[in-house]
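Participant: quick one, structure for this:
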Amino acid sequence: MHPVALAGAAAGRLAHYVVSGVVGGLIIRGVSKRLPEAKPAARKALVGGIANGIVAGRWVASAAEEARLKAADMLAEARTTLGEEAPPPSAVSVENHDHGHEH
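Facilitator: Numbering: from 1, shown residues only. Reported below is the predicted structural model:
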């Protein structure tokens, strides 16, 4: 599966969880206004939903990082196939960084 498709699927899942959480929160808020005795249970359910959202967000971040690494591996393999040397992975470009010292 293409890395962009993986990232899109992960983003879709995250959007689903966000929408579900917002709708659930609105329902619980409406119920808690009508039934004061349901407030502790509604709060517990809302906190549980938020916790699940945090877990889902972490999973999405992990899946996106895995997709990025797989794409970088494939790019490096393609460059090697062409006889080029693949540059080392880096988050920051260091070319032409003249700032007054020798390397």
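Participant: can we go C-alpha only for contacts and neighbour counts from here?
Facilitator: Will do.
Participant: show me where this structure dips below the pLDDT cut-off.
Facilitator: Counting by pLDDT under 70, the ranges of the chain that qualify are 1-6, 31-39, 88-103.
Participant: select the longest helix from it.
Facilitator: What stands out as the longest helix in the chain, according to DSSP state H, is helix 39-81.
Participant: tell me which strands and helices that one is in contact with?
Facilitator: Packing partners of helix 39-81 (3 or more CA pairs under 8 Å, 6 or more residues apart in numbering; DSSP states H and E): helix 3-34.
Participant: got the angle between the helix it packs on and helix 39-81?
Facilitator: Taking axes from the mean of the first three to the mean of the last three CA atoms, to 10 degrees, one finds that helix 3-34 is oriented at 170 degrees with respect to helix 39-81.
Participant: so which elements touch helix 3-34?
Facilitator: Helices and strands in packing contact with helix 3-34 are listed as helix 39-81; criterion 3+ CA pairs under 8 Å, 6+ apart.
Participant: thought residue 80 was touching residue 86?
Facilitator: Yes - here residue 80 lies in contact with residue 86, judged by CA atoms under 8 Å, at a distance of 6.6 Å.
Participant: between those two, what contacts are shared?
Facilitator: A shared contact of residue 80 and residue 86, defined by CA atoms under 8 Å, 6 or more residues apart in numbering, is any residue touching both; here there are none.
Participant: residue 23 and residue 17, how far apart?
Facilitator: In this structure, residue 23 and residue 17 are 10 Å apart, going by CA to CA, to the nearest Å.
Participant: one more: residue 82?
Facilitator: When CA to CA is applied, the distance between residue 82 and residue 17 equals 43 Å.
Participant: the two - which one has more neighbours?
Facilitator: Neighbours around residue 82 and residue 17, counted as other CA atoms under 10 Å, are more numerous at residue 17. The numbers are 19 against 9.
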